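Participant: using only what follows, build the 3D model:
(chains A, B, C and D)
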Protein chains: 2
Amino acid sequence: MATGSRVTRPRSSVWLSERKAPKRKGDQQPVGLDHVKIIAATVRLLDAEGLAGFSMRRLAADLGVTAMSVYWYVETKDHLLELALDAVMGEMALPSEAVQPAEQLEHLPTEPRDWREQLRQLTSEYRKLLVRHPWLSPLLGEYFNIGPNAMAFSNAAQRVMRNSGLPDDKITSALSLVYQFVYGFSTIEGRFSALCRTLGVTQDELLQEVMSSVEERPEFDESRKTMEASRGQTVEETRNREFTIALDFAIAGIEALRDAP
Amino acid sequence: MATGSRVTRPRSSVWLSERKAPKRKGDQQPVGLDHVKIIAATVRLLDAEGLAGFSMRRLAADLGVTAMSVYWYVETKDHLLELALDAVMGEMALPSEAVQPAEQLEHLPTEPRDWREQLRQLTSEYRKLLVRHPWLSPLLGEYFNIGPNAMAFSNAAQRVMRNSGLPDDKITSALSLVYQFVYGFSTIEGRFSALCRTLGVTQDELLQEVMSSVEERPEFDESRKTMEASRGQTVEETRNREFTIALDFAIAGIEALRDAP
DNA sequence: ACCTGAACACCGTTCAAGT
DNA sequence: ACCTGAACACCGTTCAAGT
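Facilitator: The predicted structure is shown next:
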């Protein structure tokens, strides 16, 4: 949770309030800051130091400016984080079949791919995004995620799922199953890889270390059995395999209940 | 993220370090605090004020004690939160079929239920827990979750999934699919209901309000279509239905790929 | 053994003031 | 219009001191 709010309270989104003073009239020379620069610096700092390492004062220092200057452009820290969230949401390549007609530059006569391929692309993009920006996960849980890029992603996801032929009243369930899985899975993956980067060890080394510090405990029995199955594989191989199979389960389930309800 | 650590760094778990001074020798009169009291007060405060409203100073005030007294019993705020996490993880009723033999008081000659029933019980317990304690979700993402109660839950989950007859090398995928879904779904549910409690409105009222403030936006088109399907139902009905169907998808997928790999 | 008080190095944010 | 400086009300935690 952002530390700015002591108590959970009605917090309106940036996207539901007027943006602060982004207008710069005519050909007047910009002196230093602006929205784009601030958001870029925010994302850079979040990538480098993590959510806990980010502060308004630290950001201002990075921008070579006094602590309070940023507040001219941005109402609160929360609003800034919402803007950063939506900015990186725009990094995903959405499947062309799921982009609304109005957004498509031209109608290519290519055969639309299988919905399962579209789903695999979209989930893979989402996964990579969450791993690339580990600070994104907690923010997605914190805000409404109704910025333009977040909405474009959400719309694409809904269109892809609609392409499965599932009846309308089961779309949200299928979407929820798939995207909550990808979110949780990728959040863990991102945290683990960030931790390794910080510690300066490989993922396989850290896994070894964690294993050996827990393995003598008797309660660990069940997990040991489970992990025997992935012996001899790297962490990355195991994870990719696990991700693919889990998605296969979801797709198989959706098709099974679609075809025989 | 806990605000205590500026930067992500190697943070050992409470469960991997010696516990702090819980020993009280003989019949000496306890003066005031102890682990149990502190953890109980922590959970109470977290339930009442949320994670953002919790602070060591606030906790101390609740306990009628100076800010630093708690540090005699607990090393850091993070350790305390880990203890609170494991404490509430013990609130779940684990399916008897998934409790290890040593833990069972006696072997009742009852027929073991279908693995799908066991799974539905366990996921339902997990869901209710996450909704009851909305602060739990971020903490689960933050720590290693290797306390005794967290381990018991994890072991139960693994046993249930093993009861499905799935081959060993697909167990983790199935577990991941199911539990990441329940985690994400219930996290959102818990946050929404907590927000309603704070605002003093019903869930249906808040949904109405959020809808009407976004519905004129053109990007909202796809979501409107999706939500038509649940017209005339309460938020709670819609959510329970969505949860059940998503779990049905997962179960169907697991059985489909188990029987025809 | 257990608790206190003062202090340190941080926060987000307000507000009056400068240019 | 844009930026600064000082100040306020908070944090988690250290450390020397009290009983």
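Participant: can you pull the contacts of the residue nearest the centre of chain A?
Facilitator: Nearest residue to the geometric centre of chain A (Cα atoms, centre = their mean): A:Leu130, 3.8 Å. Neighbour list for A:Leu130: A:Leu136, A:Ser137, A:Val182, A:Tyr183, A:Ser186, A:Thr187, A:Glu189, A:Gly190 [criterion: Cβ atoms under 8 Å, 6 or more residues apart in numbering or on different chains]. (Glycine included, C-beta is placed from N, CA and C.)
Participant: quick one, what contacts A:Leu119?
Facilitator: Per Cβ under 8 Å, 6+ apart, neighbours of A:Leu119: A:Val160, A:Met161, A:Ser164, A:Val178, A:Leu247, A:Ile251.
Participant: filter those residues down to the buried ones.
Facilitator: Buried subset of the contacts of A:Leu119 (neighbour count, 16 or more other Cβ atoms under 10 Å in any protein chain shown): A:Val160, A:Met161, A:Ser164, A:Val178, A:Leu247, A:Ile251.
Participant: which one of the contacts of A:Leu119 is nearest DNA strand C?
Facilitator: A:Val178 (34.0 Å; Cβ to the nearest atom of the strand).
Participant: show me chain A divided up by domain.
Facilitator: A:35-89, A:97-259 (the TED database).
Participant: closest one to DNA strand D among the ones you listed?
Facilitator: Short answer: domain A:35-89, nearest of the domains of chain A by Cβ to the nearest atom of the strand, at 3.0 Å.
Participant: pass me the low-pLDDT residue ranges in chain A, would you?
Facilitator: A:1-11, A:18-33, A:100-111, A:261 (pLDDT under 70).
Participant: and the helices in it?
Facilitator: Ranges of helices in chain A, per DSSP state H, are A:35-49, A:56-62, A:77-89, A:115-132, A:136-142, A:148-162, A:168-199, A:203-214, A:221-228, A:235-259.
Participant: tell me what the last one is packed against?
Facilitator: Going back to what we said before, that points to helix A:235-259. For helix A:235-259, the packing partners by 3 or more Cβ pairs under 8 Å, 6 or more residues apart in numbering or on different chains; DSSP states H and E come out as helix A:115-132, helix A:168-199, helix A:203-214, helix B:168-199, helix B:235-259.
Participant: next one: the third one
Facilitator: When contacts are defined as 3+ Cβ pairs under 8 Å, 6+ apart, helix A:77-89 packs onto helix A:35-49, helix A:115-132, helix A:136-142, helix A:148-162.
Participant: which one of those helices lies closest to A:Val201?
Facilitator: helix A:115-132 (17.3 Å; Cβ to Cβ).
Participant: next, the buried residues of the closest one.
Facilitator: In helix A:115-132, counting by 16+ other Cβ under 10 Å, buried: A:115-116, A:118-131.
Participant: can you check stretch A:144-151 too?
Facilitator: A:Phe144, A:Asn145, A:Ile146, A:Gly147, A:Asn149, A:Ala150, A:Met151.
Participant: same check on stretch A:221-238?
Facilitator: So, applying 16+ other Cβ under 10 Å, buried residues of stretch A:221-238: A:Glu222, A:Ser223, A:Thr226, A:Met227, A:Ser230, A:Val235, A:Thr238.
Participant: look up how far B:Pro134 lies from the spatially closest residue to A:Tyr143 that is not a sequence neighbour.
Facilitator: In this structure, A:Tyr143 finds its nearest non-sequential neighbour in A:Glu82, 5.1 Å apart by Cβ to Cβ, 6 or more residues apart in numbering or on different chains. Remark: distance between A:Glu82 and B:Pro134 (Cβ to Cβ, to the nearest Å) = 20 Å.
Participant: likewise for A:Arg197?
Facilitator: From A:Arg197 to B:Pro134 the distance is 30 Å (Cβ to Cβ).
Participant: more neighbours, the two?
Facilitator: Neighbours per residue, other Cβ atoms under 10 Å in any protein chain shown: of A:Arg197 and B:Pro134, the larger number sits with B:Pro134, 24 against 12.
Participant: and the contacts of A:Leu130, which is closest to A:Val70?
Facilitator: A:Leu136 (20.6 Å).
Participant: so who does the closest one touch?
Facilitator: By Cβ under 8 Å, 6+ apart, the neighbours of A:Leu136 are A:Leu85, A:Val88, A:Leu129, A:Leu130, A:Gly190.
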